[in-house]
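Peer 1: I would like the atomic coordinates for the input below:
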Amino acid sequence: MKIKNLLEEIEYESYVGDENINITGITNDSRKAKIGDIFVAIKGYTSDGHKFIESAVKNGASAVMCDHIPEDVKDISNFIVVKSPRETMAPAAHVIYGRPSEKINITGVTGTNGKTSTTYLLKGIYDHLGEKSGIIGTMGVLIDEDKIKIDNTTPEAADIQNYLSRMAEKNVTHCFMEVSSHALELNRVDNVNIDVGIFTNLTRDHLDFHITMENYYLAKKKLFYITKVNNIINVDDPYGARLYKELKTDGVKALSTGIENDADIKASNLVTTMKGTSFDLNILGVEKKVHVNTPGKFSVLNSLGALGAAYCLGVDIDDIILSLAEIKGVKGRFEILENQLDCTIILDFAHTPDGLLKVMDTIVEFAEGRKIVMFGAGGERDLSRRAPMGEIAGKYCDLSILTSDNPRFEDPYDICVEISKGVEKAGGKYEIIVERDKAIYYAIDNSKSKDVILLAGKSTEPYQDMGTEKVPYDEGYIAKMAIIDVEKKRGLRN
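Peer 2: Got it, this is the predicted structure:
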């Protein structure tokens, strides 16, 4: 499209340059800028995009969106001057990429825990129906069967519109998007038409950004006022109960889900084994039997969220139930690793006190032997959750192995010591093994019959955040190699 046509669609303060240049894309990453792109200069927390204008233009950017034109670059490109480049990026991208969210049904999932599992459950439902669907979230972007790695749970506004455009080109009919609190605060999902919103839960996290839980809650709440069809709210969570009440008071559509509390979509009589959980479902007065293949209450609550969203979008309840029985689980979410060691080894993303507690509650339901957990805590993030995680581990587990998990610029041993204070408070036993691969091997090498070993925190995250580097890391692969080696040592494998 011509840039003059874009200017007719967005708010801007001034334009300097050729109005007839062609625009085909938009980005706030100067390294990715190419011919036909608008480079958006955003002032961030650690850097100012205006410093990278020259680099973006050298890489090919055809125009620049900024809040002022720096003197040293004023003659090198075409400039759209706007009040807020961050806020204007979303509507601009929406127009440039052909308003893709108007062509796709979009479900947005927000909450501290359970977002990834819920989006993949929804994809499983639509796979069962034979419909093309996509995902945007922690584990990357999935466009039909094409996988793209991303850095944030919810990408920047320009990238979201680009991915949705690519989905529309491939005739994807539904997209399931993890919507982080950062994304809601930083305008990343502006101009995305979201049909259904799902609230999973809200527990202490990201307070380095939000400062208070109230701010965190209010950020999440924004999602449910922009949805077009309905909202699905977990009222077993205290913040969910509050949200549901506030939505109803404001006349916003919402259905409640729950196990412990009365709800529009309610599960009861849960029976959990290592192979999954069966339960009775009451959906708006209709009784059904349901089985999901991942064990635990948290899995049932995630399933209720996915089930409710699909139901609101017109999927037959019996088809939803059939699909849930077929879905084998989400990679890296309570993923049980095969082994011949007569123990259960679980890979899970639990990295908050609430996440760890939910997984441990589930393990207790079927564990026959010792319970062992290996985990760490992120450096330069909410420091107050370290000891509480240790206390949960100490209460539930026979042994806690404390290790490194994205230490950033902190000393990982010091982080482990802070966690250990919680373990000690609960009267638990622990070992500190800073090198994470060695910690994994230690847990598996020292396993006994009927042990349950939980490898928590990293899951499918593809790197360790160390200093300024993101060091490639694959927990699943490391664990599987350790299993093979220990099996060989015990004469269980050639």
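Peer 1: Count the neighbours of the residue nearest to residue 476 when sequence neighbours are not counted for me.
Peer 2: Spatial nearest neighbour of residue 476, excluding adjacent residues (Cβ to Cβ, 6 or more residues apart in numbering): residue 347 at 5.9 Å. (C-beta placed from N, C-alpha, C; glycine too.) Residues contacting residue 347 under the criterion other Cβ atoms under 10 Å number 24.
Peer 1: element containing residue 175?
Peer 2: In this structure, residue 175 sits in strand 174-178 according to DSSP states H and E.
Peer 1: and if you look at residue 414?
Peer 2: helix 412-425.
Peer 1: go on, residue 360?
Peer 2: Using DSSP H and E, residue 360 falls in helix 353-366.
Peer 1: can you give me the strands in the stretch 351-494 of the chain?
Peer 2: 371-375, 399-402, 430-432, 452-456, 463-466, 469-472 (DSSP state E, counting those that start in this stretch).
Peer 1: Which SSE is immediately downstream of the lowest-mean-pLDDT helix or strand in the chain?
Peer 2: The least trusted helix or strand in the chain, going by mean pLDDT, DSSP states H and E, turns out to be helix 207-210, with a mean of 59. Later in the chain than helix 207-210, the nearest helix or strand by DSSP H and E is helix 213-221.
Peer 1: What count of nearby residues applies to the nearest residue to residue 471 once chain neighbours are set aside?
Peer 2: Among residues not flanking residue 471 along the chain, residue 464 sits closest, at 4.6 Å (Cβ to Cβ, 6+ apart). Other residues lying near residue 464 total 20 when counted by other Cβ under 10 Å.
Peer 1: One more: residue 405?
Peer 2: 24.
Peer 1: residues near the closest residue to it other than its chain neighbours, how many?
Peer 2: Leaving aside its chain neighbours, residue 405 sits nearest to residue 376 (3.2 Å; criterion: Cβ to Cβ, 6+ apart). When neighbours are defined as other Cβ under 10 Å, residue 376 has 27 of them.
Peer 1: How about residue 425?
Peer 2: If we define neighbours as other Cβ under 10 Å, then residue 425 has 14 of them.
Peer 1: thought it was touching residue 395?
Peer 2: No. The pair residue 425 / residue 395 is not scored as a contact, 9.1 Å apart, by Cβ atoms under 8 Å.
Peer 1: which residues sit in contact with the residue nearest to residue 471?
Peer 2: Contacts for residue 464 (Cβ atoms under 8 Å, 6 or more residues apart in numbering) come out as 404-407, 436, 458, 470-471, 473.
Peer 1: same check, this time on residue 143
Peer 2: Contacts of residue 143 (Cβ under 8 Å, 6+ apart): 134, 163, 166-167, 170, 172.
Peer 1: What of residue 349?
Peer 2: 116, 138, 332-333, 355, 456-461.
Peer 1: give me phi/psi at the residue of the chain positioned farthest from its centre?
Peer 2: What lies farthest from the middle of the chain is residue 75; by Cα atoms, centre = their mean that is 41.7 Å. Taking degrees, to the nearest 10, you get phi -110, psi 10 for the backbone angles of residue 75.
Peer 1: Help me confirm that residue 135 is found in a strand?
Peer 2: Yes. According to DSSP: H, G, I helix; E, B strand; the rest coil, residue 135 belongs to a strand.
Peer 1: Tell me how far the spatially closest residue to it that is not a sequence neighbour lies from residue 118.
Peer 2: Residue nearest to residue 135 in three dimensions, not counting chain neighbours: residue 142, with 4.1 Å by Cβ to Cβ, 6+ apart. Using Cβ to Cβ, to the nearest Å, one gets 14 Å for the distance from residue 142 to residue 118.
Peer 1: Look at those two and report which has more neighbours.
Peer 2: residue 118 (29 against 22).
Peer 1: I'd like to know how far that one sits from residue 232.
Peer 2: Distance, residue 118 to residue 232, using Cβ to Cβ: 9 Å.
Peer 1: quick one: contacts for residue 94?
Peer 2: 101, 161, 191-192.
Peer 1: hmm, back to that, check contacts around the residue nearest to residue 476.
Peer 2: Contacts of residue 347 (Cβ under 8 Å, 6+ apart): 332, 335, 337, 455, 459, 475-476, 479.
Peer 1: Export the strands of the stretch 351-494 of the chain to a markdown table and append columns for mean pLDDT and distance to residue 42.
Peer 2: Output for the strands of the stretch 351-494 of the chain, formatted as a markdown table (pLDDT from 0 to 100; distance: least, Cβ to Cβ, whole Å):
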| stretch | mean pLDDT | distance to residue 42 |
| --- | --- | --- |
| strand 371-375 | 98 | 34 |
| strand 399-402 | 98 | 38 |
| strand 430-432 | 98 | 40 |
| strand 452-456 | 98 | 34 |
| strand 463-466 | 92 | 22 |
| strand 469-472 | 92 | 21 |
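Peer 1: And those strands: which comes nearest residue 10?
Peer 2: Closest to residue 10 of these is strand 469-472 (Cβ to Cβ; 34.0 Å).
Peer 1: CA atoms only for the closest one - export them in PDB, please.
Peer 2: Output in PDB follows, covering the C-alpha atoms of strand 469-472 (Å, rounded to 0.1, in the frame of the first residue of the first chain):
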ATOM      1  CA  GLU A 469      23.600 -14.200  26.900                       C
ATOM      2  CA  LYS A 470      20.800 -16.600  26.200                       C
ATOM      3  CA  VAL A 471      22.700 -19.900  26.300                       C
ATOM      4  CA  PRO A 472      20.900 -22.700  24.300                       C
END
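Peer 1: what lines up beside it in the sheet?
Peer 2: The pairing partners recorded for strand 469-472 under DSSP bridges are strand 463-466 (antiparallel).
Peer 1: Please list only the buried members of the contacts of residue 464.
Peer 2: Buried subset of those (neighbour count, 16 or more other Cβ atoms under 10 Å): 404-407, 436, 458, 473.
Peer 1: with those residues in mind, which one is nearest to residue 45?
Peer 2: For those, the nearest to residue 45 is residue 406 (17.8 Å; Cβ to Cβ).
Peer 1: that older thread, relative to residue 492, which of the buried ones among the contacts of residue 464 is nearest.
Peer 2: residue 436 (24.6 Å).
Peer 1: Surely the closest one and residue 407 touch.
Peer 2: No. Contact status for residue 436 versus residue 407: not in contact, 10.1 Å apart, counting by Cβ under 8 Å.
Peer 1: list the residues that contact both of the two?
Peer 2: With Cβ under 8 Å, 6+ apart, residue 436 and residue 407 have common neighbours 376, 464.
Peer 1: Of the contacts of residue 347, which is the most crowded?
Peer 2: Ranking the contacts of residue 347 using other Cβ under 10 Å puts residue 455 first, with 30 neighbours.
Peer 1: how much space between that residue and residue 336?
Peer 2: 11 Å.
Peer 1: Done for today, thanks.
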